[in-house]
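Enquirer: Output the structure for:
(chains A, B, C and D)
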2 protein chains.
Amino acid sequence: MAKTRRILKWQRDPEGMRLRILEAAKAEFAAHGLAGARVDSIAKQAGANKRMLYYHVGNKEDLYLEVLEGAYEKIRAEERGLDLEHLEPPEAIARLIDFTWNYFIQNPEFLALLNTENLAKARHLKRSTKVKSMHSPFVEMIRTVVTRGVESGDFRAAVDPVQLYISIAALAFFYLSNSATLSVIFGRDLLSKDARDERLEHMIALVLAALTGKSITALGKSKAPKLQVTAQQVTRFVVPGLTRDP
Amino acid sequence: MAKTRRILKWQRDPEGMRLRILEAAKAEFAAHGLAGARVDSIAKQAGANKRMLYYHVGNKEDLYLEVLEGAYEKIRAEERGLDLEHLEPPEAIARLIDFTWNYFIQNPEFLALLNTENLAKARHLKRSTKVKSMHSPFVEMIRTVVTRGVESGDFRAAVDPVQLYISIAALAFFYLSNSATLSVIFGRDLLSKDARDERLEHMIALVLAALTGKSITALGKSKAPKLQVTAQQVTRFVVPGLTRDP
DNA sequence: CGTGAAATTAACCCGTTGGATAAATACTGT
DNA sequence: ACAGTATTTATCCAACGGGTTAATTTCACG
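Expert: Have a look, this model is predicted:
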């Protein structure tokens, strides 16, 4: 026949479409922020029509909130998979730092989304019951690790787990989130493989030195020999596929 | 006469106008980011007309870059005023942390502007010869302080001054820049006076403990007496409000 | 004074953008 | 097959927002 046989034009795929929309939205919001994101751009990137966004998710802000919630869900899920219970306290902390670092490296949109939400003074997050109920397991993990460390004598002093958690996140987050401006200021590429390795080593050395009182190498001077837990060991242990973009 | 005597409508003030425009632009860009900022809003906030922005500065991006450069100029100027040469190494580091912390607290727009610029992958900063020539004096200050500290025995090991500089900035920057989302997540106000004091103490304790090897109180437990604090005590002391909201 | 440049205002232009409407097409169950 | 609903497409639009044009007013200087 002439009219019906014009090749199938499209097929239904609600879930798939929804996922593609959210994925595209995540990329767009991460790249341009909330105000800078373009709804049409998200639609095109999702291989869809703008109308689809409103049909499947809602308006721009709904879309944004859903993306944000998804981002928190994802990191919380991965956090739960990291059990530090069976490790010696210093190794547990090193592992925690290593995880945080690599998660941020592999999920740069997460950093951008958090910055965007903070620019908005967490306006959306406050309205999200979902996110507020997703507690990070890290605080409790850290608390028990620190307690164990103090009791075993590995650590000299106790730390508020929330402060430590924030500090570990800070050391990694700031470096990566601000790598663009910092690279310009310092005139060197902070995202090169060497620079990243050096940074990870420095962070682990700094925190462990503070906690244990033992000097770990030279506070993160790269190619250092392997006394105690070196960053290389940990890195090799946790992160096989660290390489990044072209 | 009826027509000429209608009270003076406006007076000339080029420099003043320019300053008010830049001040208003700083506030607007800091509050909404580059894409979210509204040119009309800046004009109104400056007590001016939109046309004035273009007359005195240039288009939106010129305006933004000028604001950004001004922000860097300001912090660099204050940094230069801080001489750490005559202080004992540990005190110099503590002073540096204290300065960074308080500067960030008193200039929150600076944090927002940096985040905005990083979202733009430092696109504007790269084009700014002005900023690229404004090196922070801190890196060299830190280098000499660390060297002195190692020689005097105050510090156990040398650190890359750039890494240390970034780490100090990170500990303060992340906490403040992300205080909105963190406050929601942890269910407590991280910007209260007590919380801020506690944070400052923690940062100083963390860095100095790592550098000197000596345990400074209990890694930043606030009003705590100088007895070695046990984990239980810390837990009880720090975590009263860890339970989550409604 | 009065005149010309500098500073400021008022009004308009026009592409963009978030959002809405309505029509078309694919599936599902019967 | 067929009806009814779920999904998708094709347009449309009113508001917004950056930028411009042109007219108006102030002031320094002769």
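
Enquirer: OK, contacts around A:T181?
Expert: Contact partners of A:T181, counting by Cβ atoms under 8 Å, 6 or more residues apart in numbering or on different chains, are B:114, B:117-118, B:122, B:125. All C-beta atoms are positioned from the backbone trio N, CA, C, and that covers glycine.

Enquirer: Show me those residues that map onto helices.
Expert: Using DSSP state H, the members of these that fall within helices are B:114, B:117-118, B:125.

Enquirer: list the contacts for the residue minimising distance to the centre of chain A?
Expert: In chain A, the C-alpha nearest the mean C-alpha coordinate belongs to A:F104, at 3.4 Å (Cα atoms, centre = their mean). The contact partners of A:F104, taken as Cβ under 8 Å, 6+ apart, are A:110-111, A:172-173, A:176.

Enquirer: So is the helix of greatest length in chain A next to DNA strand C?
Expert: In chain A, taking DSSP H as the definition, the longest helix is helix A:14-36. No. Judged by Cβ under 7 Å from any atom of the strand, helix A:14-36 stays clear of DNA strand C, getting no closer than 7.9 Å.

Enquirer: So what's the gap between the very next helix or strand once past that helix and the chain middle?
Expert: Scanning forward in sequence from helix A:14-36 by DSSP states H and E, the next helix or strand is helix A:39-45. In terms of Cα atoms, centre = their mean, to the nearest Å, the centre of helix A:39-45 is found 24 Å from the chain centre.

Enquirer: Number of residues surrounding A:E73?
Expert: 13 (other Cβ atoms under 10 Å in any protein chain shown).

Enquirer: repeat for A:S128
Expert: 17.

Enquirer: who's in contact with it?
Expert: A:65, A:68-69.

Enquirer: Same check on A:N107?
Expert: Residues in contact with A:N107 (Cβ under 8 Å, 6+ apart) are A:71, A:74-75.

Enquirer: From A:K60, how far off is A:H32?
Expert: The gap separating A:H32 from A:K60 is 12 Å, by Cβ to Cβ, to the nearest Å.

Enquirer: any idea which of the ones in helices among the contacts of A:T181 is closest to DNA strand C?
Expert: B:E117 (20.0 Å; Cβ to the nearest atom of the strand).

Enquirer: mind listing what's buried in stretch A:37-48?
Expert: A:37, A:41-43, A:45-46, A:48 (16 or more other Cβ atoms under 10 Å in any protein chain shown).

Enquirer: same deal with stretch A:78-98?
Expert: So stretch A:78-98, judged by 16+ other Cβ under 10 Å, has buried residues A:79, A:82, A:84, A:89-98.

Enquirer: distance between stretch A:175-185 and the chain's centre?
Expert: Taking mean C-alpha positions (Cα atoms, centre = their mean), stretch A:175-185 and its chain are 17 Å apart.

Enquirer: and what of stretch A:176-196?
Expert: For stretch A:176-196, the distance to the chain centre is 18 Å (Cα atoms, centre = their mean).
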